[in-house]
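Enquirer: would you be able to build a 3D model of this:
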Amino acid sequence: MTTVMFLLGRNTYLCTLIMIIQQFYDEGLAHASYAIVRLGKMVVIDPSRDPQPYYEFAASHQADIVGVIETHPHADFISSHLEIYQSTGATIYASKLLGAEYPHETFDDGDSIHLADIKLKAINTPGHSPDSICILAVDEHGSEKAIFTGDTLFIGDVGRPDLREHVGNITAAKEELARQMYRSTRTKLMTLPHHVLVYPAHGSGSLCGRHLSPDLDSTIGRELRENYALLPMDEPRFVDLLIADQPFIPKYFGFDVDLNKRGAEPLEKSIAEVPHLNRNAVLDKHILVVDARPRDIFRKGHLRGALNIQDGARFETWLGSIIGPAEPFYLVGADRSGIDTLIRKAAKIGYERNIKGALLPPDDADEQLPVIDIKHFREQPELFTIIDVRNSNEVSEGRIFEHSIAIPLPELRDRLAEIPTKKPIVVHCAAGYRSAAATSIIAGAITSVPVYDLGEAVSTFWNQPVESRD
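Expert: Just a heads-up that it's a prediction; the model follows:
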């Protein structure tokens, strides 16, 4: 039987006559989810918070959604598995180890879902989490065609093992999970035929791994050749590689694991309950204000103490990295349409309930930030306290300013006391996004000296091009 691949941007179709695999990709969270259609029946794998794209895809193929599979309780986004079940009656499948609190059927080694005449087979692959599974698609002739690897196997990497040390139904030390990942890859994934297509749950930019490729599909054969984690090595070497230099863990990750274990409420109902306030409403002074307007607009006028987390490609990630899941906040946007978009982005990580109220910039948003004199700073940097808010692994690769104080942005609110206040403060990151947020945090707490954002000008201080994770 002929297999034909069609690549349309971020959407991938695998057609085996009337077998269809559709990839849905969320750039903001670098998250990939999937729909598999066969003879009028459809299964969704690792759905995002908004189920509407899956409903529309099912309708366009005259298919009924009969199943939803969770490869594990996700840490970086909220899944719509429970909402899809409530709306369609589709069965939710998850490993028995997950301890799911929503209606479901267990899906573990030896279990299969029959989608008409094809099979979706469960493979337990602990490593990223103790309850991770992969799903192997087997066609009507018994040929293994594709594997949906969740956060176990990425293109060019494997899932990080340090997110389940303190959350979830089962916890495990990162060293033990790394050992489990070694065995899962070697005994279960690397033994598959080389032609089997690999479809992961994340691409480049996700904090669920370290060296993810921008590619969103591969084959087992290619990964055996090119993925550093699948190269020949013994278990101790693999463990050392896997636990070293992993990215920071955002504050919201544990919260999302627990919420996904329970199942989130329907998206539209939840975001409809976010209060929209008059722009000059009286705000509780003890509640944070998140102002998502562009840095230059924020600098010219904002509420005192507001945090400038700009709307952009990674808004939801930085929102959940800077603000904890138990912290309420007001949300300020440039216009009503932008506010609605921001609320939806917050909902992708389960933070819509944190929004005390959403509003346009108030008339008294007149607090300003000074603009740095780049020439003066370049000539006499010793006259300033320089704060580097890049991630620890970035700093370890080299400081831009020799005597800077390194405090990663996600840790900044808890480490403000470490910042000296005898000289003006200059804040920098790698390209400007993080420094804007960090400057607003520091300026809201330290008023005795000016606080400057070096912004994009930081690139002129490098002796090589900046590769930013902002």
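
Enquirer: partner residues bridging I123?
Expert: C134 (DSSP bridges).

Enquirer: run through the chain and note the low-pLDDT ranges.
Expert: 1-18, 463-470 (pLDDT under 70).

Enquirer: rerun that using 50 as the cut-off
Expert: For the chain, the stretches flagged by pLDDT under 50 are 1-16, 464-469.

Enquirer: now do the helices in it.
Expert: Under the criterion DSSP state H, the chain contains helices at 52-60, 81-88, 174-184, 220-226, 235-243, 253-262, 267-272, 295-300, 315-322, 336-348, 374-379, 392-396, 433-445.

Enquirer: so which of those helices gets nearest I407?
Expert: Minimum separation from I407 across the helices of the chain (C-beta to C-beta) falls at helix 433-445, 8.2 Å. C-betas here are computed from N, CA, C, even on glycine.

Enquirer: tell me how far that closest one lies from the chain's centre.
Expert: Here helix 433-445 is found 22 Å from its chain centre; the criterion is C-alpha atoms, centre = their mean, to the nearest Å.

Enquirer: any chance of TSV for the helices of the chain, columns distance to K422 and mean neighbour count?
Expert: Compiled in TSV, those are given as follows (distance: least, C-beta to C-beta, whole Å; neighbours: other C-beta atoms under 10 Å):
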stretch	distance to K422	mean neighbour count
helix 52-60	54	16
helix 81-88	54	20
helix 174-184	40	21
helix 220-226	51	17
helix 235-243	39	16
helix 253-262	37	20
helix 267-272	46	15
helix 295-300	24	18
helix 315-322	26	24
helix 336-348	38	19
helix 374-379	17	12
helix 392-396	23	15
helix 433-445	14	25
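
Enquirer: closest one to I155 among those helices?
Expert: Among these, helix 220-226 comes nearest to I155, with 7.2 Å by C-beta to C-beta.

Enquirer: CA atoms of that closest one as PDB?
Expert: What follows is helix 220-226, C-alpha atoms only, in PDB (Å, rounded to 0.1, in the frame of the first residue of the first chain):
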ATOM      1  CA  ILE A 220      13.300   6.000  14.100                       C
ATOM      2  CA  GLY A 221      16.200   5.500  11.700                       C
ATOM      3  CA  ARG A 222      17.000   9.200  11.600                       C
ATOM      4  CA  GLU A 223      16.900   9.500  15.300                       C
ATOM      5  CA  LEU A 224      19.200   6.500  15.700                       C
ATOM      6  CA  ARG A 225      21.700   8.400  13.500                       C
ATOM      7  CA  GLU A 226      21.400  11.900  14.700                       C
END
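
Enquirer: who touches that helix?
Expert: The list of residues contacting helix 220-226 from outside it, by C-beta atoms under 8 Å, 6 or more residues apart in numbering, reads 147, 153, 155-156, 189-190, 192-196, 198, 230.

Enquirer: compare the residues you listed and tell me which is most surrounded.
Expert: For those, the largest number of neighbours (other C-beta atoms under 10 Å) sits with L153, at 33 neighbours.

Enquirer: state the distance from it to F377.
Expert: Using C-beta to C-beta, to the nearest Å, we find L153 at a distance of 46 Å from F377.

Enquirer: how about S404?
Expert: Relative to F377, S404 is positioned 13 Å away (C-beta to C-beta).

Enquirer: what of A445?
Expert: Taking C-beta to C-beta, one finds A445 at 22 Å from F377.

Enquirer: any idea how far R164 lies from A173?
Expert: 9 Å.

Enquirer: okay, these two: which has more neighbours?
Expert: More crowded of R164 and A173, by other C-beta under 10 Å: R164, with 27 against 13.

Enquirer: for the nearest residue in space to the more buried one that is not next to it in sequence, grab the count of nearby residues.
Expert: Distances taken as C-beta to C-beta, 6 or more residues apart in numbering put S129 closest to R164, at 4.7 Å, once the chain neighbours are dropped. Other residues within reach of S129, judged by other C-beta under 10 Å, total 33.

Enquirer: residues in contact with L369?
Expert: The contact partners of L369, by C-beta under 8 Å, 6+ apart, come to F298, R299, T439, S440, A443, V451, Y452, D453.

Enquirer: give me the beta-bridge partners of the last one?
Expert: I take that to be D453. Here D453, judged by DSSP bridges, has bridge partners V427.

Enquirer: identify the residues contacting A264.
Expert: By C-beta under 8 Å, 6+ apart, A264 lies in contact with R49, I78, S79, S80, L82, E83, S270, G350.

Enquirer: tell me the domain boundaries of the chain?
Expert: For the chain, the structural domains run 4-257, 265-359, 374-461, going by automatic domain parsing.

Enquirer: who wins for proximity to E367 among these?
Expert: Nearest of the domains of the chain to E367, taken as C-beta to C-beta: domain 265-359 at 4.5 Å.

Enquirer: residues touching N260, list them.
Expert: Residues in contact with N260, defined by C-beta under 8 Å, 6+ apart, are E70, P73, H74, I78, S79, H81.

Enquirer: and if we set it to 10 Å?
Expert: Counting by C-beta atoms under 10 Å, 6 or more residues apart in numbering, N260 touches 70, 72-75, 77-79, 81-82, 94, 98, 100, 102, 168, 350.

Enquirer: one more: D117?
Expert: With C-beta under 10 Å, 6+ apart, D117 has these contacts: M19, R38, L39, D139, E140, H141.

Enquirer: before we move on, what about L307?
Expert: L307 sits next to 288-292, 298, 318-319, 322-323, 329, 332, 413, 436-438, 440-441, 444 when contact means C-beta under 10 Å, 6+ apart.

Enquirer: residue contacts, the nearest residue to A116 once chain neighbours are set aside?
Expert: Nearest in space to A116, with sequence neighbours left out and distances taken as C-beta to C-beta, 6+ apart, is L39 at 3.7 Å. With contact set as C-beta under 10 Å, 6+ apart, L39 has these partners: I18, M19, A63, L115, A116, D117, I118, E140.

Enquirer: if I look at the nearest residue to D162 once chain neighbours are set aside, how far off is T125?
Expert: Spatial nearest neighbour of D162, excluding adjacent residues (C-beta to C-beta, 6+ apart): K174 at 3.9 Å. Note on K174: its distance to T125, by C-beta to C-beta, is 16 Å.

Enquirer: now do E176
Expert: The gap separating E176 from T125 is 15 Å, by C-beta to C-beta.

Enquirer: among the contacts of D117, which are in strands?
Expert: Cross-referencing these against strands under DSSP state E gives M19, R38.

Enquirer: I'd assumed P275 was in contact with A281.
Expert: Yes. Between A281 and P275 there is a contact under C-beta atoms under 10 Å: 9.2 Å.

Enquirer: pull up the overlap in contacts between the two.
Expert: Common neighbours of A281 and P275 (criterion: C-beta under 10 Å, 6+ apart): Y330, G357, L359.
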